[in-house]
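Asker: Predicted structure and sequence below. I'll ask about it afterward.
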Amino acid sequence: ITKKDLQALKIKSQNFIYLSKKINDNFNVSLQAFATGFQKPSTKSTIYIKGTYGLYLNYKQGIWAAKANGFYQHGKNSSGKKVSAYFAHLKGEVRPKPFIITAGVDYHSGHDQAKGNENYQATDHFFDLFYGVRHRYYGYMDLFENLSKASDNGGLIDAYSGFGAIIKEKFQLMLDFHYFSLQSRVKDPFSEENIMDKLSNF
């Protein structure tokens, strides 16, 4: 692939809609929709559009808080392949001062490389988190800064829990546990004949 082709893979257009509604003092709902355009390599007029649609739910009352969101992607990726992918996030938190207790899960769909269905293989099922901030998630260790490469497009499941304490108004100490696993089956990088099972841990 040439340098010119690499430049063409960058986002060429980005449009979005954001709607938010405060249901009451404790509950808020918001909707987001993105249309992202990628220019086809070696062309000037062909743009592949990928749509991303999401719903956010946020609840907070006293020391209790919970949030959930889900996203779906469709259209075409930067190589022109059809896309059908999804993402889900669920997190709960309780703050009995000065402590903080959290638990949650992030679920990125991936592409199952062992599935024999032709229609399935003709579609990209990896959820592309190109808008998301990665450092604050997945253990603050930047393990999945490039999730597509790190999981071989197999997606990711991150189940986690945490315990912390508020030391000062703007300072807190947290201890988190993360269990990372693939969402879909991918080829074993150490053996071309083997397939890593779904839910294989990293």
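Answerer: That came through fine.

Asker: Can you spell out which helices and strands pack onto the biggest strand by length in the chain?
Answerer: In the chain, taking DSSP state E as the definition, the longest strand is strand 47-61. For strand 47-61, the packing partners by 3 or more C-beta pairs under 8 Å, 6 or more residues apart in numbering; DSSP states H and E come out as strand 27-39, strand 64-76. Glycine gets a C-beta too; all of them are placed from N, C-alpha and C.

Asker: Buried residues of stretch 122-134, list them for me.
Answerer: Residues Asp124, His125, Phe126, Phe127, Asp128, Leu129 are the ones in stretch 122-134 that count as buried (16 or more other C-beta atoms under 10 Å).

Asker: The fourth one and His74 touch, don't they?
Answerer: If I follow you right, that is Phe127. No: here Phe127 does not reach His74: they are 11.0 Å apart, not a contact under C-beta atoms under 8 Å.

Asker: For those two, list the residues in contact with both.
Answerer: When contacts are counted by C-beta atoms under 8 Å, 6 or more residues apart in numbering, Phe127 and His74 have Ala85 as shared neighbours.

Asker: JSON lines please, covering the helices and strands packed on strand 47-61 and showing mean pLDDT.
Answerer: Below are the helices and strands packed on strand 47-61 laid out as JSON lines (pLDDT from 0 to 100):
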{"stretch": "strand 27-39", "mean pLDDT": "93"}
{"stretch": "strand 64-76", "mean pLDDT": "96"}
